[in-house]
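Trainee: Pasting a predicted model and its sequence here:
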Amino acid sequence: MGDSKDLQQRRRDRLRYQLRRKSVGRPRLSIFRSGKHIYAQVIDDAAGRTLAAASSLDRALREALKTGADKAAAAAVGKLVAERAIAAGVAEVVFDRGSYLYHGRVKALADAAREGGLAF
C-alpha cells in the first residue's frame with residue numbers, strides 16, 4: 001500500500017475529477033488547511049487564474065484572531081473569501097475540500113462562505 005501522501009493525492013485527484021464533471025463552468029472554492037493556518041481561493045480553472053483569496057494570515061484577521069488553526073479562524077476566512085468573491089463578480093462556486101473530510105474547520109469555512117453569500 002502507498003504512504004499517506006500517495007493516498008491523500010489520490011483522494012484529491014478523485015474529488016477534482018468529479019468536480020470538473022459537475023462544475024459546468026463555475027469557479028472552484030479550494031481549501032488548504034495546515035497545522036497553523038487555513039487558506040481559501042476561488043479559482044477559475046478555464047482561465048487558470050485566482051479570482052479571490054483569503055487566509056488566516058491576512059493582516060486584519062491575524063490581529064483579530066487568537067490562532068489561525070481553529071473553527072473561529074476558518075469561519076472568518078470563509079466570510080472574507082465570500083466578500084472578495086462577490087466583489088469580483090462570483091456568486092456560484094463548486095466546493096473543493098481537497099483531501100480533507102467535510103468536518104471541523106473545513107465545514108466551518110464552508111458554512112461561513114454560504115452565510116457570506118456564496119452558493120454551492
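Mentor: Structure received.
Trainee: Let's check: the centremost residue of this protein is which one?
Mentor: Centre of the chain computed as the mean C-alpha position; nearest residue by CA atoms, centre = their mean is Ile31, 2.9 Å away.
Trainee: Return the distance of that one relative to Gly104.
Mentor: Distance, Ile31 to Gly104, by CB to CB, to the nearest Å: 12 Å. (Glycine included, C-beta is placed from N, CA and C.)
Trainee: which residues in this structure form strands?
Mentor: Taking DSSP state E, the strands of the chain run over residues 28-33, 38-44, 49-55, 94-96.
Trainee: Please identify the deepest-packed of the ones you listed.
Mentor: Among the strands of the chain, the stretch with the highest mean neighbour count (mean count of other CB atoms under 10 Å) is strand 38-44, at a mean of 22.
Trainee: Direction included, what does that strand pair against?
Mentor: Within its sheet, strand 38-44 is paired with strand 28-33 (antiparallel), strand 49-55 (antiparallel), according to DSSP bridges.
Trainee: Using TSV, lay out the ones you listed together with distance to Ala72 and mean pLDDT.
Mentor: Conversion of those to TSV gives the following (distance: least, CB to CB, whole Å; pLDDT from 0 to 100):
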stretch	distance to Ala72	mean pLDDT
strand 28-33	14	97
strand 49-55	14	98
